[in-house]
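> Dropping a prediction and its sequence here:
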There are 2 protein chains.
Amino acid sequence: MRVFANIILASLLGIFAVACQETEQGRTLASTPRVSGFDATLKSAEKKITAQMMLPMTIPVPKDAGGGYTHEKHKENAKLIYDAGQLFKLTGEQKFADYAGKLMTAYADVYPDWGLHPAKKEQSPGRMFWQNLNESWWLLHVSQGYGSVKDVLSPEQRSKIETDLLRNMAEFLSDGSPETFDKIHNHGTWATAAVGLTGYAIGDDDYVQQALLGLDKSGDAGFLKQMEKLFSPDGYYNEGPYYQRFALMPFVVFAQAVEQNDPEQKIFEQRAGILQKAIYTTIQQSYGGLFFPINDAIKDKGIATTELLYGVAIAYDLTGDRGLLSIAEAQDKFVLTPESRKISEDLAAGKAEPFDYKTMRLRDGENGTEGALDIIRASSDPNDLTLVAKNTSQGLGHGHFDKLGFLLYDAGHEIIRDYGAARFLNVEAKYGGHYLAENNSFAKQTIAHNALVIDETSHFGGDTETGNKYAPKLGEFADSGDLKITTAEIDTAYPDVTIERTMALVRDAAFSRPIVIDLVEAHSEAPHQYDLPFYYNGQLTETNFELSAYATSRKPLGKDNGYQYLWEVGQAKAAAGLSQITWLLDRKFYTVTSSVPESTDIIFAEIGANDPNFNLRREPAFILRTASDDGVSLASVIEPHGEYNPIVEFTVNSHPNVKSVQHYEFGADDYIQVQTKDGQTVGLALAGEMSKTAEHSIKIDVADVTWTGPYKLFHSQKHIEAQNTRKKGNSHAK
Amino acid sequence: MRVFANIILASLLGIFAVACQETEQGRTLASTPRVSGFDATLKSAEKKITAQMMLPMTIPVPKDAGGGYTHEKHKENAKLIYDAGQLFKLTGEQKFADYAGKLMTAYADVYPDWGLHPAKKEQSPGRMFWQNLNESWWLLHVSQGYGSVKDVLSPEQRSKIETDLLRNMAEFLSDGSPETFDKIHNHGTWATAAVGLTGYAIGDDDYVQQALLGLDKSGDAGFLKQMEKLFSPDGYYNEGPYYQRFALMPFVVFAQAVEQNDPEQKIFEQRAGILQKAIYTTIQQSYGGLFFPINDAIKDKGIATTELLYGVAIAYDLTGDRGLLSIAEAQDKFVLTPESRKISEDLAAGKAEPFDYKTMRLRDGENGTEGALDIIRASSDPNDLTLVAKNTSQGLGHGHFDKLGFLLYDAGHEIIRDYGAARFLNVEAKYGGHYLAENNSFAKQTIAHNALVIDETSHFGGDTETGNKYAPKLGEFADSGDLKITTAEIDTAYPDVTIERTMALVRDAAFSRPIVIDLVEAHSEAPHQYDLPFYYNGQLTETNFELSAYATSRKPLGKDNGYQYLWEVGQAKAAAGLSQITWLLDRKFYTVTSSVPESTDIIFAEIGANDPNFNLRREPAFILRTASDDGVSLASVIEPHGEYNPIVEFTVNSHPNVKSVQHYEFGADDYIQVQTKDGQTVGLALAGEMSKTAEHSIKIDVADVTWTGPYKLFHSQKHIEAQNTRKKGNSHAK
């Protein structure tokens, strides 16, 4: 009623539009006109810098490694210079420019005398910092700060800062560090961006050209080449999203400067708009606001990182995509740039629309030919069931040995999870905040992942160089209504075994929610032991087999390749070729029902053995273990079900609805049949080839299952009836 | 600016107040007029009941125990009757009354023939349910439903429902179950409230009088006596908040009916407004929206439980306290009552103010003489550092053996935590959803708590009956600026030991945040072993001693009294009488620095041994263990510090600032001296007596510490200087 009253009023009174501004934008008083978050950021920055201006400047002689005092202090000073510069641009207040000038001058006084850092890293050392990557980061910020204020500095100050600080550092990072600067690697991007931004700030085009085209300006190296090489055509960065958001920062910041200074470069249009794509794929590779923690990844990192504050604001400026406003809302933080102001204002004006989270295959590799990260979402709801199949290439030095591994999310949580990196970022007591020894010896190993391990050794023998040579061969990827499916295989992870994995998200009326069907096949002519781990998250509630726990003693599951970090906590034999395991997480139950060979052992394990320094998180897993002379097939259904509601005190469907899973093979064709307790049957047929027209047939009990094309979902009777009823309902409605 | 424009407009245009209603209430357009949550609740209930009306009614013959199908179905039907009744009152639509009438008539058809429930509990069995507690719950809802609709039912229907259902059940619950009805116990309150509400609904005052005064109407039993006995004068319920919120429901619902029907009772004023107090203390006993999980408690339960939806709405109706609107906002759910509508509307109108979370001593026992639950909050911010000292009495059958134990919260998390109950509520696969065997054998035992254990046996020998006889003797409780302090002692938990514990929350400029000082003393003339556990929550980052982990094998810490459920995961010796242990949780570090006897062992443990069914959560602890012939003192500082920020990648103050803790004793007086790494000293002096005028003196190194009264906080030099500067600043300002 109130809405209606407003509309009448609004037309009666012209002046009304000023007061109830929102109405003008088609919104009602019941909606929320908000204060722009950017204004709060600006105020807080003004306050902070103004307070800093009262304090003496501190420019310590370089001493500490990453995370230490001098390291953090120099980072802080760079941010002060950058922020003061931005504040001057945004407010016009001279005091901010003066402060930035003073700080830079103080650095110019001392920087030329600094040799290599005392705690320098062997590869690419820095002078202010232990590695020149941090020096690039510093210059990227400070050069922008300088660019903002230089017009109001004295000629003497300008000359001193340019000569003794900016040029001195830029030359150290370019000519002085060619192995980094000319490398097609994200450290190279940081260096080229820093030097290029310095070029724009001091008006030296030579720097800009070196940055864009490499030291020799041939174009064989430099920023443009990095743009070509470092992202796949789908905008995937091959170290994974954790490093992607970091690599992204110099790309978008420098590209924006190029756009402003050399618009004829049309930098954002190059390679079919690769930089925009890269920003979008970084967001797509997240769940519950956090990045998929594949490869070396700190698990708390997500879309609210500083890099993506810049990235999302710039992408919004380029595209006007209102879905990005939802991301900005989730980020809930802003940076001191005009683009950030714009996104904040549009968000406050209520223009946000839901971000379009998608089911998508992100091809890996410069040409998109080196595997893919397959993301399958039950819906665009960011908290809905989401499956991530890791069919990517190795991902260089930060890659993990987890070919065809997967992660599963639901209801905002990790359900079947990846450990991520073993590292406490910047926590000095934890190996100085570096990657822990356990990162190599556990977190990277195959057994630390939801991926098939053969003979208790990791993929590629745990050798990164070998891993980098090979990528999975991709099969079908489809997103078609009730069936979303991905297939991939790898024949190089082990000498004489080809591993194939198909994962499908299936919607059928026999289940209240979508289920995941997972078929892992190992083809081999030699005897092997196969371990398929599921790092389930939650509290075990029931199994269909008798479980013998090691209740009064524990020993590690193995001696090497990561197995030494797992306690064996229980063991069981699958019951008549079926393993069914249910756990509870928060308010929901999850069951994995697997069709396994008769002799299969089920091992319950927990991370934490051989961990005298308490470096690892204690997380549980179960492992399906079987030995065979001629390969193996493990077909599982992952079923979310029921609700545990301690608040209003009810629990429903705590038991799974899956009664059995059966796997039928005929030649290269497969059929997985899922039967429910209430007598329904859902089937998934998979062909051994991708032809869309080939016909296939498999004998199931007495009947034949036949289909055309690479796959087919056979719905339950219940589903078909529901569809028919719906159709009838529709025709009635006409 | 917009605010100002509105004010001008509002005075210019009278009509404006209609359009921009909020302005009238002193708020601006920038704030958020919201849709009332109650309206959504009402709509959703209408939709649900209307859908139910299309379905056949199902009234199954009683069969299943709690959590089973027939149990849940009858609960659901009661809610349908209640909701339909409320909907009829709220909307006036006859169909809702008809539906409630139809359902009740259907029950009246079958109820008289139901004997005792086939799965009946031994004590107080029910007929529709396995225990008559559920039957009381059912009648409490259905009698209200009946009261709402009876005026529009036919005389035949009324007569049938009253005779065959309501009277039949009420008599079963009163005369038929005297052992429950006349008991001073929450089951009794459910029974009396249900029968009393039935009395009001059918107009039978006899029922009402029996409810209020007991079966014989003497007043020795019944609701009024329960009001007198079941809450302490501070509104504490002696089983703890988990059961308090459950016990509260029949109290507030029936009291409200008494208020409406017999206002001359002034029921809400009785015993100094005890029912209101009880509602408030239930809220005060929560952190992050969840109840303190002392005694048997499901940890997910908190202020959003249905019982408190009624409770808070009724309390708001009685008091108009706008702080309760914040609680309603956190609850974010409403029930179908006029009070809930009112609180929802006032919340939507933006009237909410922060709830006043307090530091408070909640005395336990009918006369407030049986110990207390001491809640110490750093501030009224519900997410700030909060200490809960459990100095209460045993808490009957649901009580745990954790005298002088404590819980610590910070930043929305449990920092040092209590296990709560070992139970998966209504999860059939977990022992039918009942309390697990591990509840008695582990969760109740002293070693499962942050409480002193002597000789590896639990308090009172683990005997509830003995425990119920004794409560701690309370010492000082004070909330005075920079020092908030509680002291208690118990000399009955063990035959020949008196345990004393003082816990203080101290604010001093030497620390960026408040710290907790904890002094545990055991006085004894006999040889004993003392174990003081800290169930820390997080990842261990550093210790001041060398820690020997059991990296390749594990064994249980003990054989009995809960010890058998702990894996021993590591062991160490304190370094020169000092134990310092730091862990990281989410974004913050916490350190416990303890002054301990030279020979003290530090045991690292983890819950989960002897747990073949995976019934227990894996949670870590460290235990200070020492043996002595003449008692022991353990003085600790718990220090929150630093920040780990993986999002913007910095970590500060990951190391504790405490350098040492020293404990000085002189007779019954104590002095705890805390030294920081930057040379500051904070001291806490504690007298052995509570006199406010007695003078005390302890020799510390070369100087004497002297004070008057039961305690004194000696601030650091830094604090004193800061105070002085502040004072000078103030005088300048004049």
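Cool, got the structure. Just so it is clear, the model here is predicted, and its values are computed rather than measured. Numbering: from 1, shown residues only, chains lettered A, B, ... in the order given.

> what does the stretch 201-350 of chain A have sitting close to chain B?
By Cβ under 8 Å from any Cβ of the partner chain, the residues of the stretch 201-350 of chain A that approach chain B are A:298, A:300-302, A:304-306. Using the backbone N, CA and C atoms, a C-beta is placed for each residue, glycine as well.

> Among those, which one sits closest to B:L362?
Closest approach to B:L362 among these (Cβ to Cβ): A:D300, at 36.9 Å.

> what pLDDT does the closest one get?
At A:D300, the model reports a pLDDT of 91.

> re the thing from before, can you tell me which of the residues of the stretch 201-350 of chain A next to chain B lies closest to chain B?
Of all these, chain B sits closest to A:D300, with 4.1 Å by Cβ to the nearest Cβ.

> wait, does stretch A:40-56 contact chain B?
No. Judged by Cβ under 8 Å from any Cβ, stretch A:40-56 and chain B are separated, with a smallest distance of 13.0 Å.

> Tabulate the residues of the stretch 201-350 of chain A next to chain B (JSON lines), appending neighbour count, distance to A:A78 and secondary structure.
JSON lines is the format used below for these (neighbours: other Cβ atoms under 10 Å in any protein chain shown; distance: Cβ to Cβ, whole Å; DSSP: H, G, I helix; E, B strand; the rest coil):
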{"residue": "A:I298", "neighbour count": "18", "distance to A:A78": "22", "secondary structure": "coil"}
{"residue": "A:D300", "neighbour count": "19", "distance to A:A78": "23", "secondary structure": "coil"}
{"residue": "A:K301", "neighbour count": "24", "distance to A:A78": "21", "secondary structure": "coil"}
{"residue": "A:G302", "neighbour count": "25", "distance to A:A78": "24", "secondary structure": "strand"}
{"residue": "A:A304", "neighbour count": "19", "distance to A:A78": "21", "secondary structure": "coil"}
{"residue": "A:T305", "neighbour count": "24", "distance to A:A78": "17", "secondary structure": "coil"}
{"residue": "A:T306", "neighbour count": "17", "distance to A:A78": "13", "secondary structure": "helix"}
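
> Make CSV from these and add distance to A:Y536 to it.
Output for those, formatted as CSV (distance: Cβ to Cβ, whole Å):
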residue, distance to A:Y536
A:I298, 22
A:D300, 21
A:K301, 23
A:G302, 22
A:A304, 28
A:T305, 28
A:T306, 33
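
> so which of these comes closest to A:A493?
Closest to A:A493, out of all of those and judged by Cβ to Cβ, is A:I298, at 26.2 Å.

> Now do the closest one against A:T681, distance only.
To A:T681, A:I298 is 44 Å away according to Cβ to Cβ, to the nearest Å.

> and stretch A:681-691, C-alpha only, in CSV?
Only the C-alpha atoms of stretch A:681-691 are listed here, as CSV (Å, rounded to 0.1, in the frame of the first residue of the first chain):
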residue,chain,number,x,y,z
THR,A,681,15.9,-47.1,-10.9
VAL,A,682,18.0,-44.4,-12.4
GLY,A,683,20.6,-45.3,-15.0
LEU,A,684,23.5,-43.6,-16.7
ALA,A,685,24.9,-45.0,-19.9
LEU,A,686,28.3,-44.0,-21.1
ALA,A,687,29.8,-44.9,-24.5
GLY,A,688,33.5,-45.5,-25.0
GLU,A,689,33.5,-43.0,-27.9
MET,A,690,32.3,-39.5,-28.4
SER,A,691,30.4,-40.0,-31.6
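
> didn't A:T337 look like it was pressed against A:A313?
Yes. If you go by Cβ atoms under 8 Å, A:T337 and A:A313 touch, sitting 6.2 Å apart.

> Which of these two has more residues huddled nearby?
Taking other Cβ atoms under 10 Å in any protein chain shown, A:T337 and A:A313 do not tie; A:A313 has more neighbours (28 against 21).

> would that one count as being in a helix?
Yes. The assignment for A:A313 (DSSP: H, G, I helix; E, B strand; the rest coil) places it in a helix.

> I'd guessed it sits against A:L336; true?
No. At 10.6 Å, A:A313 does not count as touching A:L336 under the criterion of Cβ under 8 Å.

> list the residues that contact both of the two?
Residues touching both A:A313 and A:L336 by Cβ atoms under 8 Å, 6 or more residues apart in numbering or on different chains: none at all.

> Ramachandran angles for A:S44?
With angles defined as degrees, to the nearest 10, A:S44 sits at phi -70, psi -40.

> In chain A, where is pLDDT below threshold?
Within chain A, the stretches with pLDDT under 70 are A:1-35, A:727-734.

> my guess is A:F477 contacts A:L483, does it?
No. Assessed by Cβ under 8 Å, A:F477 is found out of contact with A:L483, at 11.5 Å.

> CA-only coordinates of stretch A:426-444 in CSV, if you can.
C-alpha atoms of stretch A:426-444 as CSV (Å, rounded to 0.1, in the frame of the first residue of the first chain):
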residue,chain,number,x,y,z
ASN,A,426,53.4,-15.3,7.3
VAL,A,427,53.2,-17.2,10.7
GLU,A,428,56.8,-17.0,11.8
ALA,A,429,56.5,-19.9,14.2
LYS,A,430,55.4,-22.2,11.3
TYR,A,431,58.7,-22.4,9.3
GLY,A,432,58.8,-18.7,8.9
GLY,A,433,55.4,-18.6,7.2
HIS,A,434,56.8,-20.5,4.1
TYR,A,435,55.4,-23.6,2.6
LEU,A,436,56.0,-26.3,5.2
ALA,A,437,58.0,-29.5,4.5
GLU,A,438,54.6,-31.3,4.7
ASN,A,439,53.5,-29.4,1.6
ASN,A,440,55.7,-31.5,-0.6
SER,A,441,55.7,-34.6,1.4
PHE,A,442,51.9,-34.7,2.1
ALA,A,443,49.7,-32.0,0.5
LYS,A,444,51.1,-32.4,-3.0
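
> How about A:I485: what's its closest non-neighbour residue?
A:A504 (4.2 Å; Cβ to Cβ, 6 or more residues apart in numbering or on different chains).

> can you map out the strands along the stretch 301-450 of chain A?
Using DSSP state E, counting those that start in this stretch, the strands of the stretch 301-450 of chain A run over residues A:360-363, A:371-377, A:386-392, A:405-410, A:413-416.

> Kindly apply the preceding question to the stretch 151-300 of chain A instead.
A:286-287, A:290-291.

> is A:S579 in a bridge, and if so with what?
Per DSSP bridges, the residues bridged to A:S579 are A:S594.

> go on, A:R423?
Bridge pairing for A:R423 - DSSP bridges - gives A:Y435.

> for it, what are its contacts?
A:296, A:298, A:430, A:433-436, A:439.

> Based on its surroundings, how many neighbours for the closest residue in space to A:M169 that isn't next to it in sequence?
Excluding its sequence neighbours, the residue lying closest to A:M169 (Cβ to Cβ, 6+ apart) is A:L139, at 5.2 Å. A:L139 has 28 neighbouring residues, counting by other Cβ under 10 Å.

> Shouldn't A:L139 be within a helix?
Yes. Residue state for A:L139 (three-state DSSP) corresponds to a helix.

> Now the stretch 101-250 of chain A against chain B: closest residue?
A:F246 (9.2 Å).

> how about the nearest residue to that residue, chain neighbours excluded?
Sequence neighbours aside, A:E307 is the residue nearest to A:F246 in space, at 6.2 Å (criterion: Cβ to Cβ, 6+ apart).

> That neighbour: neighbouring residues, count only.
23.

> Flag every buried residue along whichever strand or helix holds A:K73.
Assigned by DSSP states H and E, A:K73 belongs to helix A:69-91. By 16 or more other Cβ atoms under 10 Å in any protein chain shown, the buried positions in helix A:69-91 come out as A:70-72, A:74-75, A:77-90.

> Following element in sequence after it, please.
helix A:94-110.

> tell me the phi and psi of the residue nearest to A:I485?
Main-chain dihedrals, A:A504, degrees, to the nearest 10: phi -140, psi 140.

> That one against A:D479, yeah?
No. Counting by Cβ under 8 Å, A:A504 does not reach A:D479; the two are 10.9 Å apart.

> number of nearby residues for the residue of the stretch 101-250 of chain A closest to chain B?
That count, for A:F246 with other Cβ under 10 Å as the rule, works out to 21.
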